[in-house]
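*Asks:* build the 3D model from these lines:
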Amino acid sequence: MRQRAGMSLRELVLGSGPRFVRDAFGPVLIFYAGWKLAGLEAGIALATALAVVAYLWERKHSRSGMFAAVGLGIALLQAVTGLTSARTAWYFAPSLVVNSVCGVAFVVSVLVGQPLAAVFAAETAVFPAEVMASTLYRTVCSQISLVWAAYLLGASLARLIVLRRSSVDLYLVVHVLTGLPLATAIMGWSLWYGARRLPSRTVAAGRPAEARRA
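*Replies:* Model prediction:
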């Protein structure tokens with residue numbers, strides 16, 4: 001069931017935050033555990049299985065599963081790369097490429113006037129058509145998109161340097177430090193900033209009549 005419009009920031013964080021963390025960081029963490037315990041193939045199998053289960057879970061609950069679909073796509077690319085190269089370091093290459101491409105895509109989306117943050121906003125809240133068509137909505141989503149672009153490109157560069165010059169263990173530490181805490185913080189900021197710039201009364205005004213009566 002899609003989340004109703006006009007929900008509080010707390011509801012947004014509790015509803016979307018755990019799914020975002022699962023899809024963005026679950027596979028790499030479970031890969032590390034499998035890799036350490038049973039080797040590269042086991043780590044790849046566990047990470048891919050988690051990505052598949054997450055996507056199927058989202059579809060089962062009638063959500064588009066955009067985050068889960070992206071995570072699944074990356075997991076499949078990593079599986080192919082890791083198994084064909086038989087090198088643990090190469091397993092992480094697709095995620096670096098995808099994150100960099102996503103960072104560039106965020107920038108380009110702002111330049112063409114169609115910020116990607118507006119697309120992802122549909123995963124966390126339902127805004128009425130008049131709000132989504134407003135100049136304020138596009139401005140807010142453009143600002144959020146640029147912050148995500150800076151994060152994705154910066155984190156990808158840091159991870160690439162470590163992957164080329166150090167060990168896989170250190171890379172995973174850097175991946176987690178530049179991933180889970182920062183991405184969670186930026187996600188929280190994005191929700192807070194969007195809720196602050198787009199007043200709840202504006203969003204609530206677009207609720208269908210049955211929702212207002214409820």
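
*Asks:* mind listing what L40 touches?
*Replies:* For L40, the contact set (C-beta atoms under 8 Å, 6 or more residues apart in numbering) comprises G82, A86, T88, Y91. For glycine as for every other residue, the C-beta is placed from the backbone atoms N, C-alpha and C.

*Asks:* for the last one, which non-adjacent residue is closest in space?
*Replies:* So that's Y91. Spatially, and ignoring its direct neighbours in sequence, Y91 is nearest to G82 (3.4 Å; C-beta to C-beta, 6 or more residues apart in numbering).

*Asks:* same check on the third one?
*Replies:* Distances taken as C-beta to C-beta, 6+ apart put V168 closest to T88, at 5.1 Å, once the chain neighbours are dropped.

*Asks:* and for that neighbour, the neighbour number?
*Replies:* By the criterion of other C-beta atoms under 10 Å, V168 has 17 neighbours.

*Asks:* check contacts around it.
*Replies:* T88, A89, F92 are the contacts of V168 under C-beta under 8 Å, 6+ apart.

*Asks:* where's it relative to G188, distance?
*Replies:* 29 Å (C-beta to C-beta, to the nearest Å).

*Asks:* what about the residue nearest to Y91, how many neighbours?
*Replies:* 25.

*Asks:* tabulate the CA atom coordinates of the helix or strand where it lies in PDB.
*Replies:* Assessed by DSSP states H and E, G82 sits inside helix 66-85. The C-alpha coordinates for helix 66-85 follow below in PDB (Å, rounded to 0.1, in the frame of the first residue of the first chain):
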ATOM      1  CA  MET A  66      12.800   1.100  -7.200                       C
ATOM      2  CA  PHE A  67      15.600   1.000  -4.600                       C
ATOM      3  CA  ALA A  68      15.400  -2.800  -4.400                       C
ATOM      4  CA  ALA A  69      15.500  -3.000  -8.200                       C
ATOM      5  CA  VAL A  70      18.600  -0.900  -8.400                       C
ATOM      6  CA  GLY A  71      20.200  -2.900  -5.700                       C
ATOM      7  CA  LEU A  72      19.300  -6.200  -7.500                       C
ATOM      8  CA  GLY A  73      20.800  -4.900 -10.700                       C
ATOM      9  CA  ILE A  74      24.000  -4.000  -9.000                       C
ATOM     10  CA  ALA A  75      24.100  -7.300  -7.200                       C
ATOM     11  CA  LEU A  76      23.700  -9.200 -10.500                       C
ATOM     12  CA  LEU A  77      26.500  -7.200 -12.200                       C
ATOM     13  CA  GLN A  78      28.800  -7.800  -9.200                       C
ATOM     14  CA  ALA A  79      28.000 -11.500  -9.300                       C
ATOM     15  CA  VAL A  80      28.900 -11.800 -12.900                       C
ATOM     16  CA  THR A  81      32.100  -9.700 -12.500                       C
ATOM     17  CA  GLY A  82      33.200 -11.500  -9.400                       C
ATOM     18  CA  LEU A  83      32.600 -15.000 -10.700                       C
ATOM     19  CA  THR A  84      34.200 -14.400 -14.100                       C
ATOM     20  CA  SER A  85      37.300 -12.600 -12.700                       C
END
